[in-house]
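Engineer: Please work out how this folds:
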Amino acid sequence: MIYFLSAIALLSVVSAEVYYKETFDAGWEDRWVVAEGSGKVDVSAGAYGTSAGLQTTEDAKFYHVASAIETPFSNKDKTLVIQYSLKNEQTLSCGGGYLKFLSSSEDLSSFDGDTDYNIMFGPDVCGSTKRVHVIFNYKGENWLIEREVRPETDAFTHVYTLIVNPDQTYEIKVDGESKQTGNIIDDWKMLGEKEIQDPDQSKPDDWVDEARIDDPEVTKPEGYDDIPAMIVDAEAEQPEDWDEEDDGEWEAPMVSNPEYEGPWRQPQIDNPDYVGVWEHPMIPNPDYVVDDSIYAFDSFAAVGFDNWQVESGSIIDNIIITDSVEEAEAFLAETFDAAAEKAKKEELDAAEAEDEEDDEEESDPFDDEEDAGEEAELHDEL
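Structural biologist: So this is what the prediction gives:
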């Protein structure tokens, strides 16, 4: 039995296809094209990273960099798994970190925000907007997921995974943990609504949908509006040193009127004729046609990083495109070590704190005064 299960596992790995993998090792410049007008990029692990990746290096820049997939492929009738890591070591107030997956690798030197793509996937942070984008191109139009998935916003590396299945279900993972699942038809609106309001129906003219009404038996008390909000303070007295020639005629100050109850409001009662909120009857949408091929694209030919960043420093790394969830999970386990990165950060912080403490001791003014005093005493003795 164990042998059988092992054979099945081995078969799944052997049959898996990896269409694209990038770890930004030697020769990455030959695989990536920096398009005209793009900010400059380099490869770095950052101050405390464990793996070097493609890093943005200039603030307030658009970045347009892309890499061709050696053998373009279609995901028709196959699972599609897209995965990569992103690290925002800088304090990012506004900047994208998503990738675009293109249908063509022609003329990557002109790749920019107007270039057509199949799927856009990854986090975007700008002010209060913080979400993981998943956008599908359908019949020439881009459609954003209706669900909101929050990205990680700390300064450590995080891995983003998108799984698209031939049955049109999908899953979004962050650091290997599932954050959102569902069906493309339900969570994107490219097909429109399954139901629409019946155009032949409307709310009846005599429909009463006011739950509360003014009490007709209560009227405003006579003289209510004659009660002023402020009155003269009857207890106030003119100061003894008041000089009418210099200070003018004395007037008593005004105080709040305790009898004033504010603007009069008609009391409300339950409406005896209330029949509830009218709901528009729904009917099937005659224009709604199920499409079982939304998930599928004829060609994936390139990967692109097309983002605006106010603060540079983001590091994109360990990109994989495959038809196997297990293959992506194995790659994550091989390349992602959150504990090691945090330990390296703590070690770096401790070293910096120690250096700061040493600098403070060296510049301690009390030590200088003590040394000067000792030198003076020695001079007197001589």
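
Engineer: Could you name the specific helix or strand carrying Tyr63?
Structural biologist: strand 61-73 (DSSP states H and E).

Engineer: Buried residues in that strand, which are they?
Structural biologist: If you call a residue buried by 16 or more other C-beta atoms under 10 Å, then strand 61-73 has these buried ones: 61-69, 72-73. No exception for glycine: its C-beta is placed from N, CA and C like everyone else's.

Engineer: and that strand, how far from the chain's centre?
Structural biologist: Distance of strand 61-73 from the chain centroid (C-alpha atoms, centre = their mean, to the nearest Å) equals 23 Å.

Engineer: Using CSV, write down the CA coordinates of that strand.
Structural biologist: Taking Å, rounded to 0.1, in the frame of the first residue of the first chain, the C-alpha atoms of strand 61-73 are listed here in CSV:
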residue,chain,number,x,y,z
LYS,A,61,9.0,55.9,-10.8
PHE,A,62,7.0,53.6,-13.1
TYR,A,63,8.5,50.2,-13.5
HIS,A,64,8.1,48.3,-16.8
VAL,A,65,10.2,45.1,-16.8
ALA,A,66,9.3,41.8,-18.5
SER,A,67,10.6,38.3,-19.2
ALA,A,68,9.6,36.0,-22.0
ILE,A,69,8.4,32.5,-21.2
GLU,A,70,10.7,30.2,-23.3
THR,A,71,7.9,27.9,-24.4
PRO,A,72,4.5,29.6,-24.5
PHE,A,73,1.6,27.5,-23.2
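
Engineer: Okay, now the sheet partners of it, with direction.
Structural biologist: strand 32-34 (antiparallel), strand 300-309 (antiparallel) (DSSP bridges).

Engineer: which of those is buried the deepest?
Structural biologist: strand 300-309 (a mean of 23; mean count of other C-beta atoms under 10 Å).

Engineer: Tell me what the residue positioned nearest the centre of the chain is bridged to.
Structural biologist: Among the residues of the chain, the one closest to the centroid is Lys130, at 1.6 Å (C-alpha atoms, centre = their mean). Using DSSP bridges, the beta-bridge partners of Lys130 come out as Val125.

Engineer: Relative to Asp200, how far out is Gly276?
Structural biologist: 21 Å (C-beta to C-beta, to the nearest Å).

Engineer: same check, this time on Asp337
Structural biologist: 62 Å.

Engineer: neighbour count winner among the two?
Structural biologist: Set Asp337 next to Asp200 and count neighbours by other C-beta atoms under 10 Å: Asp337 wins out with 14 against 7.

Engineer: Show me what the mean pLDDT comes to for the strand holding Tyr63.
Structural biologist: Mean pLDDT, strand 61-73: 98.

Engineer: Show me what secondary structure element comes after it.
Structural biologist: strand 80-88.

Engineer: orientation of that next one relative to strand 300-309 in degrees?
Structural biologist: Calculated by axes from the mean of the first three to the mean of the last three C-alpha atoms, to 10 degrees, strand 80-88 forms an angle of 20 degrees with strand 300-309.

Engineer: quick one: strands adjacent to strand 80-88?
Structural biologist: strand 157-164 (antiparallel), strand 314-322 (antiparallel).

Engineer: Quick check: buried residues in the host helix or strand of Ile269?
Structural biologist: Per DSSP H and E: Ile269 is located in strand 268-270. By 16+ other C-beta under 10 Å, strand 268-270 has no buried positions at all.

Engineer: ok, then the element right after it?
Structural biologist: strand 282-284.

Engineer: so what does that next one touch, helix or strand wise?
Structural biologist: Under the contact criterion of 3 or more C-beta pairs under 8 Å, 6 or more residues apart in numbering; DSSP states H and E, strand 282-284 touches strand 195-197.

Engineer: Now the strand it packs on: buried residues?
Structural biologist: Buried residues in strand 195-197 (16+ other C-beta under 10 Å): none.

Engineer: for the chain, which helix is longest?
Structural biologist: As assigned by DSSP state H, the longest helix anywhere in the chain is helix 338-362.

Engineer: just the angle between that helix and strand 80-88, please?
Structural biologist: 10 degrees.

Engineer: ok now helix 338-362, how far from the chain's centre?
Structural biologist: Worked out by C-alpha atoms, centre = their mean, helix 338-362 lies 30 Å from the chain centre.

Engineer: tell me which residues in it are buried?
Structural biologist: Buried-residue list, helix 338-362, by 16+ other C-beta under 10 Å: 341, 344-345.

Engineer: And for stretch 166-174?
Structural biologist: 168-174.

Engineer: Could you do stretch 152-160 as well?
Structural biologist: 152, 155-160.

Engineer: Pull the residues that contact that stretch.
Structural biologist: Contact with stretch 152-160 is made by 49-51, 83-92, 121-123, 125, 130, 132, 151, 172-176, 315, 317-318, 332, 336, 338, 341-342, 345, as judged by C-beta atoms under 8 Å, 6 or more residues apart in numbering.
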